[in-house]
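Visitor: predicted structure and sequence below. I'll ask about it afterward.
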There are 2 protein chains.
Amino acid sequence: MAWNFAAGPARLPDVVLERSAEVLFRRGIDGASSVERPFTGPDFRRAMAETSQRLAGLLDLPPNYQVLFMAGGAMQQFALLPLNLAAAGQRVAYADSGYWSHRAMAEAGASVVALEVARYPGAAPRSAPPLGRWAVPSDCAYCHITPNETVDGIAYPGLPDCAAVPLVADCTSAFLTAPLAIENFGMVYASAQKNIGISGLTVVVICQDLLERSPPELPAVFSYRQQAASGSCVNTPPMAAILIAGMVFDWIADQGGLSAMAAASQVKAACLYATIDGSAGFYQAPVLPGSRSLVNVRFHLADPELTETFITEAEAAGLYHLRGHPRIGGLRASLYNAMPVAGVIALVDFMVDFARRRG
Amino acid sequence: MAWNFAAGPARLPDVVLERSAEVLFRRGIDGASSVERPFTGPDFRRAMAETSQRLAGLLDLPPNYQVLFMAGGAMQQFALLPLNLAAAGQRVAYADSGYWSHRAMAEAGASVVALEVARYPGAAPRSAPPLGRWAVPSDCAYCHITPNETVDGIAYPGLPDCAAVPLVADCTSAFLTAPLAIENFGMVYASAQKNIGISGLTVVVICQDLLERSPPELPAVFSYRQQAASGSCVNTPPMAAILIAGMVFDWIADQGGLSAMAAASQVKAACLYATIDGSAGFYQAPVLPGSRSLVNVRFHLADPELTETFITEAEAAGLYHLRGHPRIGGLRASLYNAMPVAGVIALVDFMVDFARRRG
């Protein structure tokens, strides 16, 4: 038995992986499989509508929010956000909580003035930016946060108060791992390869008010308004990734929905952080307890010389893709929805044994 | 036996469809399948490099051209072309040969001044724009053509002379159906769902000179220069579509490469057009002979009242997705690389029989 702790592209639920070949590649009476058929035809239109409805159901989405399926990853949204949501000359606000929020702000800065309105304390991100009332100028088009920083292993313990400025969130890594109070957001987005399925797709959930901001001269594929008006079919969408997303949404519902995902997520993360904190300093978690991500658990060895040995022996024990992001090193275990508790138990068993032998 | 004549997403080669489940979804010793594994890891990097090399081999690509794998469809390139290739205030030139070239020009017009430098003769596209020396102002950043119009069924019989202005081509539908003299182009691009694989991916082949034009302030995922510098890995690429493209490129090579594809394409199209032209007017091809597409064969019935009957009876005979594009109606059979001669023979057999019974 092998366990894949990759930060994304990441493990799919077993049942989704098992069904994918049939759903994507089995030819029907028309001689075409789902990925060989017109996206304008009734089969794919129905699949897409159902996928959208399933997600709306999981999120308990109010009627004034729409789901968009956009090609590409979250980085594409970094560029599209200001183009869609900010008027000419309007400023935008960003919080810097680590690697990805920093990149989001940099990409936005290519087309608008991006103000940094909050930042992690200290020299390196070890906790989320302090919450409370943020000083977001009221003329800002939106305020962007990254509630879970995949690389840094940081999660916001709550949401800031940005007054009347709409909150926009890159929810990629923790999307669908817990109920989401969508009414607190003008828009959230998440690339698929963590908790939705495979790469090449980003889900956008956007409030009608913000949707109407997209300027008419924006290229159609990049316009939230035009994508919404066409049911995310301005052009051929990434069909395989959407079909897999539909299966993942079904699987989440079958497991009990987002509250069940949240309960499992709490158990998995608690188990791993307890192992780290209970190792008498052999393992160390760099993120302060109130800001620790439940899905991207960062840790390192007190003796960094042992890191490569840890990775080699972990792989021999069937535990893969535990290396930290190259920018910051160390170790990282990603515990998305599709990671069963059994995988985390296998990891902590190994960690306890490794610490005993090498400590 | 059923045959799928869809214009795209379209039929994949049988052997690719058969291998796809294993290549994409079978988990390896690390507990991860190809779509569940980091795109930065050695497995996917190797697959991507091989896929790029295979395409370069098929195209016999000179060393000053690079292959990029970009997320999304060709319409995204409509928007990215002027942003990457035109300097501030610089004009661009477009030829209007039908539905898709018209849309390409409209999207470019959102960010730059797009000049129409050539157009199909008459009120509706029935042939390619007249060739010869086009009056393209020498200050234009590029001249854009659509050598095969998927909707209109029109193909350029040759290339125009644009003097020193680089030619850029949307090659989507006819890509890899014949050898391509790439040295005539500054850039060509093709979305995957016709002759490369599944939707959600566009291949860009670009000359080094044009690559260097991408302005530094362009968002990284949209920048040809930055995508080239990162091996198309600015962010997580659409991995499933790239892995399938690799299999399709292998299949083309196994069949004898692009000259074999061109020979088969000629035979298939000749067979179908001969049936239309030999029907004593029962079937009609609206495109003039010198401009007929070999891959998107448009035709209609002299009696349009019979169109629905034709479609119903064709489906009963195992011939699917023959309805023309909704904008122009009629019928269309798309004969991409993966359509065997046997499929075309089944279609013409049905057409001859239908004409005999209904003529």
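Guide: Nice, I can see it. Numbers count the residues shown, from 1 in each chain, chains lettered A, B, ... in the order given.
Visitor: grab the nearest non-local neighbour of whatever residue of the stretch 251-359 of chain A ends up closest to chain B.
Guide: Closest to chain B within the stretch 251-359 of chain A is residue A:320: 3.9 Å, counting by C-beta to the nearest C-beta. Quick note: C-beta positions are derived from backbone N, CA and C, even for glycine. Nearest residue to residue A:320, sequence neighbours excluded (C-beta to C-beta, 6 or more residues apart in numbering or on different chains): residue B:30, at 3.9 Å.
Visitor: so the one you found: helix, strand or coil?
Guide: coil (DSSP: H, G, I helix; E, B strand; the rest coil).
Visitor: how many neighbouring residues does it have?
Guide: The number of residues packed near residue B:30 is 20, by other C-beta atoms under 10 Å in any protein chain shown.
Visitor: these two touch, right, it and residue A:4?
Guide: Yes: counting by C-beta atoms under 8 Å, residue B:30 does reach residue A:4; the two are 6.1 Å apart.
Visitor: overlap of the contact sets of those two?
Guide: Residues touching both residue B:30 and residue A:4 (C-beta atoms under 8 Å, 6 or more residues apart in numbering or on different chains) are A:320, A:321, B:37.
Visitor: enumerate every residue touching the residue nearest to residue A:320.
Guide: A:2, A:4, A:315, A:320, A:321, B:37.
Visitor: the last one and residue B:246: what is the separation?
Guide: Which is residue B:37. Distance of residue B:37 to residue B:246, computed by C-beta to C-beta, to the nearest Å: 15 Å.
Visitor: now the third one
Guide: With the distance defined as C-beta to C-beta, residue A:315 ends up 26 Å from residue B:246.
Visitor: show the average pLDDT along the lengthiest helix in chain A.
Guide: For chain A, the helix with the greatest residue count under DSSP state H is helix A:257-277. Helix A:257-277 shows an average pLDDT of 98 in the prediction.
Visitor: now for that helix, which elements pack on it?
Guide: helix A:42-59, helix A:239-255, strand A:283-284, strand A:296-301, helix A:341-358 (3 or more C-beta pairs under 8 Å, 6 or more residues apart in numbering or on different chains; DSSP states H and E).
Visitor: to residue B:168, which of those lies closest?
Guide: Nearest to residue B:168, of all the helices and strands packed on helix A:257-277, is helix A:239-255, at 26.8 Å by C-beta to C-beta.
Visitor: buried stuff in that closest one?
Guide: A:239-252 (16 or more other C-beta atoms under 10 Å in any protein chain shown).
Visitor: so which of those residues also contact chain B?
Guide: A:239, A:240, A:241 (C-beta under 8 Å from any C-beta of the partner chain).
Visitor: mind checking pLDDT for the residue nearest to residue A:320?
Guide: What the model reports as pLDDT for residue B:30 is 97.
Visitor: repeat that for residue A:111.
Guide: So residue A:111 comes in at 85 (pLDDT).
Visitor: repeat for the one 5 residues further on
Guide: Residue A:116 is assigned a predicted lDDT (pLDDT) of 98.
Visitor: cool, the one 10 residues further on as well?
Guide: According to the model's per-residue confidence, residue A:126 sits at a pLDDT of 96.
Visitor: does it touch residue A:285 like I think?
Guide: No: shown here, residue A:126 and residue A:285 do not form a contact pair, counting by C-beta under 8 Å, at 9.7 Å.
Visitor: give me every residue in the stretch 51-200 of chain A lying close to chain B.
Guide: A:71-76, A:78-79, A:107, A:110-111, A:191, A:193, A:198-200.
Visitor: what is the neighbour count of residue A:96?
Guide: Count around residue A:96 with other C-beta under 10 Å applied: 20.
Visitor: beta-bridge partners for it, please?
Guide: For residue A:96, the beta-bridge partners under DSSP bridges are residue A:119.
Visitor: ok, residue A:167 next?
Guide: residue A:143.
Visitor: now the residue of the stretch 201-350 of chain A found nearest chain B: closest residue in space that isn't a chain neighbour?
Guide: Nearest to chain B in the stretch 201-350 of chain A, going by C-beta to the nearest C-beta, is residue A:238, at a distance of 3.0 Å. Among residues not flanking residue A:238 along the chain, residue B:200 sits closest, at 3.0 Å (C-beta to C-beta, 6+ apart).
Visitor: in this structure the one you found contacts residue A:200, no?
Guide: Yes: if you go by C-beta under 8 Å, residue B:200 and residue A:200 touch, sitting 4.5 Å apart.
Visitor: find residues that contact each of these two.
Guide: Joint contacts of residue B:200 and residue A:200 (C-beta under 8 Å, 6+ apart) are A:71, A:238, A:240, A:241, B:71, B:238, B:240, B:241.
Visitor: ok, the residues you listed vs residue B:47, which is closest?
Guide: Closest to residue B:47, out of all of these and judged by C-beta to C-beta, is residue B:240, at 11.2 Å.
Visitor: got the contact list for the closest one?
Guide: A:198, A:199, A:200, A:240, A:241, B:24, B:34, B:35, B:198, B:200.
Visitor: out of the residues you listed, who's nearest residue B:154?
Guide: residue B:198 (25.6 Å).
Visitor: quick one: low-confidence parts of the stretch 201-350 of chain A?
Guide: Applying pLDDT under 70 to the stretch 201-350 of chain A flags no residue at all.
Visitor: which positions in it make contact with chain B?
Guide: Near chain B, when you scan the stretch 201-350 of chain A using C-beta under 8 Å from any C-beta, you find A:201, A:217-222, A:234-241, A:315, A:318, A:320-321, A:326.
Visitor: and if we set it to 10 Å?
Guide: A:201-202, A:215-223, A:234-242, A:244, A:315, A:318-321, A:323, A:325-326, A:338, A:343 (C-beta under 10 Å from any C-beta of the partner chain).
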